[in-house]
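Student: Curious how this folds, go ahead:
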Amino acid sequence: AGAVEPRAGDLGRFAPDGSVRFAGRRDFQVQIRGFRIELGEVRAAMRRHPAVGDAAVVARDGAALGLPADAGPALIAYVESRADAASAPQADDLRRFAEAQLPRYAVPSAFVVLDALPRTATRKIDRARLPQPVRAAGVAPASGSQLPRTVDEREIAAVWGDLLGQKTVDVEADFFALGGHSLLATRLLVALHERLGTAVPLRAFFDDPTVAGLARAVAQARRGAALPMPVRQPGDGPFALSPAQARLWFLQQLDPGSVAYSMPLALRVAGALDPVRLARATRAVIARHAALRTRIAVDADGTPQQFVRPDAADARGAFISVDLRGLGATTVDDACVARALRRAALRPFDLARDALLRIVHVQLARDRHALVIVQHHIVSDGWSAGLVLRDLADAYPVPLLPPPPALRAADVAAWQRMAQDAPTFADDLAHWVDRLTDTPALDLPFDRPQPARPRGRGGEVTGALPAALAQPLAALERRTGATSFAVVVAAFQALLGGLTGQRDFAVGTLAAGRHDAPGLDAVVGYLANVVALRADLTGDPDFAALVARAHTTALDAFARQHVPFDRVVNALDLPRDLDRPPVFQVLCVLHDQPRAAALTCGDARAPPLPRAT
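Tutor: Predicted structure coming up:
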């Protein structure tokens with residue numbers, strides 16, 4: 001998020017990782033929150049307004065407009081009135097018109113109405129002379145809007161305003177219509193949990209994504225039973241593994257030399273990169289996050305336990321630097337570098353002895369380097385990988401980081417096990433059993449015999465969603481009240497149903513496991529959980545109906561994501577088979593959170609390379 005393809009004069013303005021390319025055409029693209037937006041399409045939509053004569057749409061630095069620092073670029077629409085219009089268009093009317101014409105993510109963050117757009121001597125729009133909007137992240141509340149009335153509404157509005165960059169919040173305004181998305185929704189619920197001491201289910205928020213609706217959900221949640229909160233455990237271990245860690249440890253023991261649960265990221269670095277500073281930054285990151293100093297060992301009874309080691313014990317061996325400058329550019333080609341990074345990524349971890357973060361630095365020239373950063377899944381997940389890269393970049397200039405988070409992954413593991421004794425846990429487990437009992441296995445047609453045991457070999461096929469589908473899909477989201485994730489899952493279910501002829505099966509997905517308690521968003525560790533989404537294609541539903549079913553199923557699943565998947569499998573009493581995973585055989589994961597796809601260390605920039613494995 002933040003990569004922009006603008007006209008030549010704007011190169012590098014919004015892309016901190018330097019990954020900016022000139023589009024070479026008049027209408028350029030901008031990527032916001034993972035969506036690639038054609039600015040020409042947004043401009044064409046605004047020009048369809050009956051009171052608009054012409055329009056210009058530009059991407060501006062969101063932070064400079066009052067949006068959060070990590071918001072990336074924001075779209076600004078400038079319009080001039082038609083000469084024969086009875087009155088100039090109003091900003092709130094323009095927003096409503098844009099919401100009806102465009103997908104939610106392509107609706108501009110601010111609208112500026114001008115008597116005339118500034119133009120060059122050749123009558124082209126002069127973008128450099130377009131004025132800065134007075135207010136960002138939406139328009140002022142319309143007349144008759146409702147301001148916060150209660151203490152809870154004021155607290156919610158304060159957090160809401162911080163996330164969306166709004167000074168004034170209408171308690172009946174829709175969070176998603178104002179530019180919110182699923183990641184911001186999760187951050188909102190986490191912040192409210194910390195501020196109000198009450199957890200609001202994600203489903204309750206989607207049912208009524210307004211300040212007033214959240215206030216009602218908070219009041220209802222206070223009357224219900226709540227899960228206990230995680231607390232710091234004394235000492236450095238031994239600690240029990242979390243249910244997810246225990247499952248991963250068991251699978252690793254079946255094939256100790258496997259790298260199936262290594263998480264590699266390969267980076268090509270351009271610029272001056274000091275390996276000594278990078279090594280110090282690595283030590284600082286390991287010192288801050290206890291999970292990266294964790295070892296998994298077996299006690300006398302054969303039970304795996306985790307131990308947190310002192311800082312110095314884990315820094316050794318976590319960083320390796322290799323200088324290949326003396327070999328010359330002709331000897332060290334891209335294929336050679338790729339093989340070196342691949343070897344680093346494919347070296348197995350010894351969970352009892354190795355540092356579970358490994359960084360290999362290869363220096364190819366004075367301003368040319370390659371990095372591979374590998375973490376083992378038992379102490380990390382996708383969210384954690386972003387935290388590690390962020391701290392690595394922050395510690396590179398000076399190896400000083402904020403104090404460690406109050407909670408460690410081992411504390412969260414203890415809390416997850418304790419939460420299984422809560423009164424609500426049995427009800428949530430019973431829901432899963434009722435929902436997934438007798439789920440048929442997905443019988444996919446294969447073009448070759450399936451091996452008796454997985455070999456870890458596979459391929460990758462990539463494709464792009466045609467731009468022409470973006471607008472009708474967004475309209476479908478608005479019409480059904482569903483999320484982008486529900487649309488993706490429904491499409492995937494329809495594809496699988498067509499391939500197999502089945503109308504009943506399950507698809508797996510991942511839940512971040514970060515919104516059940518305050519402070520979990522800062523913890524490096526394996527907090528994610530697997531949940532199952534049972535597909536229902538009975539009755540030959542049209543696609544809108546299938547999306548609605550997928551949306552309801554997903555909300556029910558994520559409301560109960562704290563139930564460990566292995567407990568669900570055990571309660572279902574399913575036979576175990578090494579060649580067929582229980583409950584579901586395929587995963588569908590939508591990466592809609594900001595991912596640290598690039599690394600910035602001083603003057604060095606590191607956009608991502610293709611995956612090393």
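Student: From here on, just use CA atoms for contacts and neighbour counts.
Tutor: OK.
Student: Residue most distant from the centroid, the chain?
Tutor: Distance from the C-alpha centroid of the chain, by C-alpha atoms, centre = their mean, peaks at residue 84 (46.7 Å).
Student: gap between it and residue 51?
Tutor: Distance, residue 84 to residue 51, by C-alpha to C-alpha, to the nearest Å: 8 Å.
Student: next one: residue 354
Tutor: Counting by C-alpha to C-alpha, the gap from residue 354 to residue 51 is 66 Å.
Student: higher neighbour count, the two?
Tutor: More neighbours surround residue 51 than the other of residue 354 and residue 51, with 21 against 18 (other C-alpha atoms under 10 Å).
Student: doesn't residue 85 make contact with that one?
Tutor: Yes. Residue 51 sits in contact with residue 85 when judged by C-alpha atoms under 8 Å, with a separation of 5.4 Å.
Student: now the helices: where do they sit in the stretch 201-350 of the chain?
Tutor: In the stretch 201-350 of the chain, the helices defined using DSSP state H, counting those that start in this stretch lie at 202-207, 211-223, 243-254, 275-288, 311-315, 334-345.
Student: Buried deepest among these, which one?
Tutor: For the helices of the stretch 201-350 of the chain, the largest average neighbour count (mean count of other C-alpha atoms under 10 Å) is found in helix 275-288, namely a mean of 21.
Student: which helices and strands sit right next to it?
Tutor: In terms of contacts (3 or more C-alpha pairs under 8 Å, 6 or more residues apart in numbering; DSSP states H and E), helix 275-288 is packed against helix 311-315, strand 319-323, helix 382-395.
Student: Out of those, which is closest to residue 245?
Tutor: Taking C-alpha to C-alpha, helix 382-395 is the member of the helices and strands packed on helix 275-288 nearest to residue 245, at 14.6 Å.
Student: residue ranges with poor pLDDT in the stretch 301-450 of the chain?
Tutor: Filtered on pLDDT under 70, the stretch 301-450 of the chain yields the residue ranges 311-316, 328-334.
Student: Just give me the neighbour total for residue 590.
Tutor: Neighbour tally, residue 590, other C-alpha under 10 Å: 12.
Student: Next one: it from residue 489, what distance?
Tutor: Taking C-alpha to C-alpha, one finds residue 590 at 9 Å from residue 489.
Student: In this structure residue 208 contacts residue 215, no?
Tutor: No. Contact criterion C-alpha under 8 Å: residue 208 and residue 215 do not qualify, at 10.2 Å.
Student: wait, isn't residue 476 in contact with residue 543?
Tutor: No. Counting by C-alpha under 8 Å, residue 476 sits too far from residue 543 to count as a contact (9.3 Å).
Student: So these two - more neighbours on which side?
Tutor: Higher neighbour count among residue 476 and residue 543: residue 476, with 19 against 15, using other C-alpha under 10 Å.
Student: Model confidence for the closest residue to the more buried one other than its chain neighbours, exactly?
Tutor: Once flanking residues are discounted, residue 476 sits nearest to residue 544: 7.0 Å by C-alpha to C-alpha, 6 or more residues apart in numbering. Per-residue confidence (pLDDT) for residue 544: 86.
Student: and residue 544, how far is that from residue 550?
Tutor: Separation of residue 544 from residue 550 (C-alpha to C-alpha): 10 Å.
Student: Looking at the two, which is more packed in?
Tutor: Neighbours were counted for residue 544 and for residue 550 using other C-alpha under 10 Å; residue 550 has more, 26 against 16.
Student: May I have the residues that are in contact with residue 323?
Tutor: By C-alpha atoms under 8 Å, 6 or more residues apart in numbering, residue 323 lies in contact with 362, 363, 364.
Student: Name every strand pairing with the helix or strand where the second one lies and say which way it goes.
Tutor: Per DSSP states H and E: residue 363 is located in strand 357-365. Using DSSP bridges, the strands paired with strand 357-365 in its sheet are strand 319-323 (parallel), strand 368-376 (antiparallel).
Student: Could you pull out the buried residues of the first one?
Tutor: In terms of neighbour count (16 or more other C-alpha atoms under 10 Å), strand 319-323 has its buried residues at residue 319.
Student: Tell me what angle it forms with helix 334-345.
Tutor: Taking axes from the mean of the first three to the mean of the last three C-alpha atoms, to 10 degrees, one finds that strand 319-323 is oriented at 160 degrees with respect to helix 334-345.
Student: One more: the last one?
Tutor: With the same axes, to 10 degrees as the criterion, the two stretches strand 368-376 and helix 334-345 enclose an angle of 30 degrees.
Student: neighbouring contacts of strand 368-376?
Tutor: For strand 368-376, the external contacting residues (C-alpha under 8 Å, 6+ apart) are 261-273, 337, 341, 344-345, 349, 356-364, 385, 612.
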